[in-house]
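A.B. asks: below: sequence and its predicted model.
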Amino acid sequence: MPDGYLGNDTTSSLVCQPLSGVYTMDTTLPASATNFVNFNTIALKLNNCGVAGPVTINIANGTYAEQFTLNQIYGTSATNTVTFQSASGIAANAVIQFNGGSSAANNFVVKMNGADYTIWKNLTLQSTNASFSTLVWQLNNTRFNTYRKVAFNGPSGSLTSTNNALVFANNTSTATPGQGDDNNIFDSCLFNNGAYGIYSYVSYGSAYTYNCAFTNNTFNNQYYMGMNLSFHLSMNIHNNNINTNSTYSNYYGINYASNTGIQHAGKISRNRISAPNANGYGIAAYYMNGPNCSVLNNMINIGVGSGSPSYGMYMWYSNCKIHHNTVNITSGNANSYAAYIYNNEYSRPSSDIRYNILANSGNGATAGYCIYSVSNNTPFTTIDSNVYYQGAGAGNFGNFNGSVYTTFAAWKAEWVLLMILALL
């Protein structure tokens, strides 16, 4: 009771102890200082108390029906990471799922709200909700996170909404000015079903997203797009298997757009894309520019029937090295192209399109173009040493600067003439 005398007053405060060290997530054990029994308690502790050293959370075998949010975690760094991993080392043994999404606001299993320096290993995240099935929602400058050997399982069906993107990243507000969702890594992961494997639209005003890596992953049966990446610069899309049973007429294996003329060192390499029952785009790249930008050693097979066109490589305002790719179009649509190169004089350095195998096999009865190359500035464009093939019923061979050529010989003669004139 207040007595007016301050000398014997007391005060108290609750001190939040930051996490550091190894912890377990095991519902068969009682909650303790080192064992958690649900993910929301872990998230509350990390969000409120932060970390004082590296943290590892070993997740016991089981299926956990939860959704939780990680905010920016105080104390995390390249050294002080937070690792969530299956205790057994087997992704199928530790499953986190949430099927109760009812709107975009709660459409997630894990919401990465500005969280940095987390590592996710050997886990399964899943949802069977056909309307809202996002597993990871990434926003507000979420940076330096790694997903390795994680299985992302979504519903199957004719899905095209971003609400069915297994990983969804969008820009809502800037936590730190001048930053994007930089340096995130998806490596050796498995993406099953959904509309998109990864949908990442990450522009924060004038700040773009740099140095993200998408490597060694497998994308199975996304209906609309394997990967959709916008406002990424100097990204590495390497050695992914993208396979789909989709029958969509506007499918994309990889859809990339920097949406800027900024030169960067992005790479799309050694990816294998197979969409034998769909039409659309194997690799579509917009504004991929720079002396170290490259599209290399990709294998693409796409196309069916004759109703809709398909494009193996669709390069729009992109000046980069396009080398050693193998493309086979199996749509019989006459307006299909193994390679579609548009306005490749947009910025320097030159476009360099060499050593590719560009086949438009068609559907056995009809076939489209091998190459479309329009709006060239000839001194800054190299198209050479490629192998071309057209299947039965082929119409025109190629289009160069708006003129259609029915045969390879006619197309080559025009190209050689333009090169000679450019040297005069």
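C.D. replies: It's in.
A.B. asks: so for stretch 282-299, what gets flagged as buried?
C.D. replies: 282-290, 293-299 (16 or more other Cβ atoms under 10 Å). All C-beta atoms are positioned from the backbone trio N, CA, C, and that covers glycine.
A.B. asks: actually stretch 265-282, not the one I wrote
C.D. replies: Buried residues in stretch 265-282 (16+ other Cβ under 10 Å): 265-275, 277-282.
A.B. asks: chain center to it, what's the gap?
C.D. replies: 12 Å (Cα atoms, centre = their mean, to the nearest Å).
A.B. asks: tell me who's in contact with the residue nearest to Tyr64 when sequence neighbours are not counted.
C.D. replies: Counting by Cβ to Cβ, 6 or more residues apart in numbering, Ile96 is the residue found nearest to Tyr64 once chain neighbours are left out, at 5.0 Å. Neighbour list for Ile96: Phe39, Thr63, Tyr64, Glu66, Val109, Val110, Leu123, Thr124, Leu125, Gln126 [criterion: Cβ atoms under 8 Å, 6 or more residues apart in numbering].
A.B. asks: what sits against the last one?
C.D. replies: Spelled out, it's Gln126. Going by Cβ under 8 Å, 6+ apart, the list of residues near Gln126 reads Val95, Ile96, Gln97, Val109, Leu135, Ala151, Phe152, Asn153, Gly154.
A.B. asks: with the second one instead?
C.D. replies: For Thr63, the residues meeting the contact criterion (Cβ under 8 Å, 6+ apart) are Val95, Ile96, Gln97.
A.B. asks: mind listing what's buried in stretch 16-28?
C.D. replies: Buried-residue list, stretch 16-28, by 16+ other Cβ under 10 Å: Pro18, Leu19, Tyr23, Thr24, Met25, Asp26.
A.B. asks: out of those residues, flag the one nearest to Leu159.
C.D. replies: Met25 (31.0 Å; Cβ to Cβ).
A.B. asks: for the nearest residue to the closest one once chain neighbours are set aside, the count of nearby residues, please.
C.D. replies: Excluding the flanking residues, the one nearest Met25 by Cβ to Cβ, 6+ apart is Ile59, at 4.5 Å. Residues within reach of Ile59, counting by other Cβ atoms under 10 Å, total 25.
A.B. asks: what bridges to Ile59?
C.D. replies: In this entry, Ile59 is beta-bridged to Met25, Ser86, by DSSP bridges.
A.B. asks: quick one on the thing from earlier: in strands, which of the contacts of Thr63 appear?
C.D. replies: Val95, Ile96, Gln97 (DSSP state E).
A.B. asks: so how far is Ser86 from the second one?
C.D. replies: When distance is defined by Cβ to Cβ, to the nearest Å, Ile96 is 10 Å away from Ser86.
A.B. asks: so what sits against both of the two?
C.D. replies: Leu123.
A.B. asks: which residue ranges form the helices in the protein?
C.D. replies: For the chain, the helices defined by DSSP state H cover 39-49, 408-423.
A.B. asks: export the ones you listed to a markdown table and tack on mean neighbour count and distance to Thr146?
C.D. replies: Formatted as a markdown table, the helices of the chain follow (neighbours: other Cβ atoms under 10 Å; distance: least, Cβ to Cβ, whole Å):
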| stretch | mean neighbour count | distance to Thr146 |
| --- | --- | --- |
| helix 39-49 | 17 | 16 |
| helix 408-423 | 14 | 46 |
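A.B. asks: nearest to Ala257 among those helices would be which one?
C.D. replies: Per Cβ to Cβ, nearest to Ala257 of those: helix 408-423, 28.3 Å.
A.B. asks: might you list the low-confidence residue ranges for the stretch 251-400 of the chain?
C.D. replies: In the predicted model, the stretch 251-400 of the chain carries pLDDT under 70 at residues 344-350, 375-380.
A.B. asks: what do you get if the cut-off is 80, keeping everything else the same?
C.D. replies: Residue ranges of the stretch 251-400 of the chain with pLDDT under 80: 343-351, 374-381.
A.B. asks: what about stretch 337-353, how long is it end to end?
C.D. replies: 15 Å (Cα to Cα, to the nearest Å).
A.B. asks: go on, stretch 390-410?
C.D. replies: End-to-end distance (Cα to Cα), stretch 390-410: 15 Å.
A.B. asks: what count of nearby residues applies to Ile90?
C.D. replies: 13.
A.B. asks: coming back round to it: hmm, the residue nearest to Met25 is touching Leu123, no?
C.D. replies: Yes. The criterion here is Cβ atoms under 8 Å, and Ile59 meets it with Leu123 at 7.0 Å.
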